[in-house]
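Colleague: Build me a structure from this.
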Amino acid sequence: MSRVLVFKSMSLDGYVAGPNVSADDPMGVGGERLHDWMFGDPVASTDEKVVADLRARAAASVVGRRTFDLGLPHWKDVPFPGPSFVVTREARAPLAQAGGTFTFAPEPAEAVALAREAAGDGTVVLLGAELSRRALAAGLVDEVLLSLVPITLGGGAPLFDGTGDVTLRPAEVVGSPGVTHVRYEVVR
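Modeller: Presented below is the predicted three-dimensional model:
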């Protein structure tokens, strides 16, 4: 059975994007620093392994509409190879890409169910702050992988705001010079 994973780089003050997210600043003002560990030069071998392991596990993805709108021009494909589901109330035909197809669904629960079915025994990766919050609040998430970046943003998109009482149990910690990766199991 598939597992649903929220994957986020997060500042130490709890933000997964900086303030004022826009087409010019898709990660918010200053938010691109959250991904320096992944796209900087050089990238630590431990960080490369975390990303490679995630890519190997990812069998489907679910993204929020805003993440889709802002991410597609940068990704130029689905965020992970395989089917990707976009949560939006706008009815749209599937959008084929080189690495998979975007399918559109009106609610997080429906998108996650479709992604779980498509993923088989693989992992469904959730992307987007609002989508992740809604999925956590609805009890749709099995794991959370946080890449804790030693910066503060002072504002932006918080990950856990409005999720209610969510209990996480640490399952794995991987450190590197620029980030600490903590994988949590969601306790039900």
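
Colleague: Name the nearest residue to the residue nearest to the spatial centre of the chain, ignoring sequence neighbours.
Modeller: With the centre of the chain defined as its mean C-alpha position, the nearest residue by C-alpha atoms, centre = their mean is Leu127, 2.8 Å away. The shortest distance from Leu127 to any non-neighbouring residue, by C-beta to C-beta, 6 or more residues apart in numbering, is to Val63 (4.6 Å). In short, each C-beta sits where N, CA and C put it, glycine included.

Colleague: picking that back up, my guess is the residue nearest to the centre of the chain contacts Thr67. True?
Modeller: Yes - with contact defined as C-beta atoms under 8 Å, Leu127 reaches Thr67; the gap is 5.4 Å.

Colleague: Next one: Leu159 from Asp77, what distance?
Modeller: Going from Leu159 to Asp77 by C-beta to C-beta, to the nearest Å gives 25 Å.

Colleague: Who has more neighbours out of these two?
Modeller: Set side by side, Leu159 and Asp77 show more neighbours around Leu159, with 19 against 14, by other C-beta atoms under 10 Å.

Colleague: hang on, the more buried one packs against Asp13?
Modeller: No - counting by C-beta under 8 Å, Leu159 sits too far from Asp13 to count as a contact (11.0 Å).

Colleague: on that earlier part again, could you pull up the residues touching the residue nearest to the centre of the chain?
Modeller: Listed by C-beta atoms under 8 Å, 6 or more residues apart in numbering, the contact partners of Leu127 are Phe7, Ser61, Val62, Val63, Gly64, Thr67, Gly71, Pro79.

Colleague: confidence score at it?
Modeller: For Leu127, the pLDDT comes out at 96.

Colleague: ok so Val173 is a strand residue?
Modeller: Yes - counting by DSSP: H, G, I helix; E, B strand; the rest coil, Val173 falls inside a strand.

Colleague: beta partners of the nearest residue to it once chain neighbours are set aside?
Modeller: In space, and not counting its chain neighbours, Val173 is closest to Val182: 5.3 Å by C-beta to C-beta, 6+ apart. Beta-bridge pairing of Val182 under DSSP bridges involves Leu146, Val173.

Colleague: residues contacting Val182?
Modeller: Leu145, Leu146, Leu148, Pro170, Glu172, Val173.

Colleague: now the helices for this protein?
Modeller: Here the chain has its helices, by DSSP state H, at 36-39, 45-57, 65-75, 108-119, 129-137.
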